[in-house]
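>>> coords please:
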Amino acid sequence: MARVLKAAVAAAAESAVGFFSRLQNSVSKVRTFSTSQSSLQAAGPLWNLGRLNHVAIAVPDLEKATAFYKNVLGAQVSEAVPVPEHGVSVVFVNLGNTKMELLHPLGNDSPIAGFLQKNKAGGMHHICIEVDDINAAVMDLKEKKIRSLSEEAKIGAHGKPVIFLHPKDCGGVLVELEQA
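Modelled structure (predicted):
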């Protein structure tokens, strides 16, 4: 069961990272064909995608989900950590090559509370991909008309700046970019 879950998470992550790499590469190619006479080649990307940091799963019962990954699957799990600025409590599940982030609402105004009202059993909430320059990524994506859920990056659960990109602009997936 654990191998099947790890394989499913890895396949989803590989697919998502591949999609966004193709998106970034196609944008770079578009820039190359500029009609400007002053330059035949555009500069390289202002920022780069890094590794998949985590896949986040909203759970209706954080203790039960934590016990499943720890006691049934034998994974290393963190203690629950409240992140009030994002309205969640989080538990990280270490998978070796990446992590899963178990999310549970911290209060009724939490965005995860709304997600769980629509998805009673929980489910995949977002993926998180590291970037080498979060500020350049935010500015570049705004220029490309990619919507974000906030105007600027905020400090995330790892203590690093993050920004969430609108799922309608990202192939139907909520994407969190995190400073590497």
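>>> which residue ranges form the strands in this structure?
Assigned by DSSP state E, the strands in the chain fall at 49-58, 76-77, 81-83, 88-94, 99-105, 123-131, 154-155, 161-165, 175-179.
>>> what would these look like in a markdown table with distance to residue 147, mean neighbour count and mean pLDDT?
Any C-beta I mention is one placed from the backbone N, CA and C, and that applies to glycine too. Formatted as a markdown table, the entries for those read as follows, by distance: least, CB to CB, whole Å; neighbours: other CB atoms under 10 Å; pLDDT from 0 to 100:
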| stretch | distance to residue 147 | mean neighbour count | mean pLDDT |
| --- | --- | --- | --- |
| strand 49-58 | 18 | 20 | 97 |
| strand 76-77 | 33 | 16 | 98 |
| strand 81-83 | 23 | 14 | 94 |
| strand 88-94 | 21 | 21 | 97 |
| strand 99-105 | 21 | 24 | 98 |
| strand 123-131 | 15 | 20 | 97 |
| strand 154-155 | 16 | 13 | 92 |
| strand 161-165 | 7 | 21 | 96 |
| strand 175-179 | 11 | 22 | 97 |
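>>> in CSV: the ones you listed, plus distance to residue 117.
Shown next, in CSV, are the strands of the chain (distance: least, CB to CB, whole Å):
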stretch, distance to residue 117
strand 49-58, 11
strand 76-77, 26
strand 81-83, 20
strand 88-94, 15
strand 99-105, 10
strand 123-131, 12
strand 154-155, 23
strand 161-165, 19
strand 175-179, 21
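>>> give me the contact list for stretch 102-118.
Applying CB atoms under 8 Å, 6 or more residues apart in numbering, the external contacts of stretch 102-118 come out as 56-62, 65-66, 69, 80, 82-84, 86-93, 122-123, 125.
>>> centroid residue for the chain?
residue 128 (2.1 Å; CA atoms, centre = their mean).
>>> contact partners for the closest residue to residue 161 other than its chain neighbours?
Nearest residue to residue 161, sequence neighbours excluded (CB to CB, 6 or more residues apart in numbering): residue 153, at 3.8 Å. Listed by CB under 8 Å, 6+ apart, the contact set of residue 153 reads 134-135, 138, 161-163, 179.
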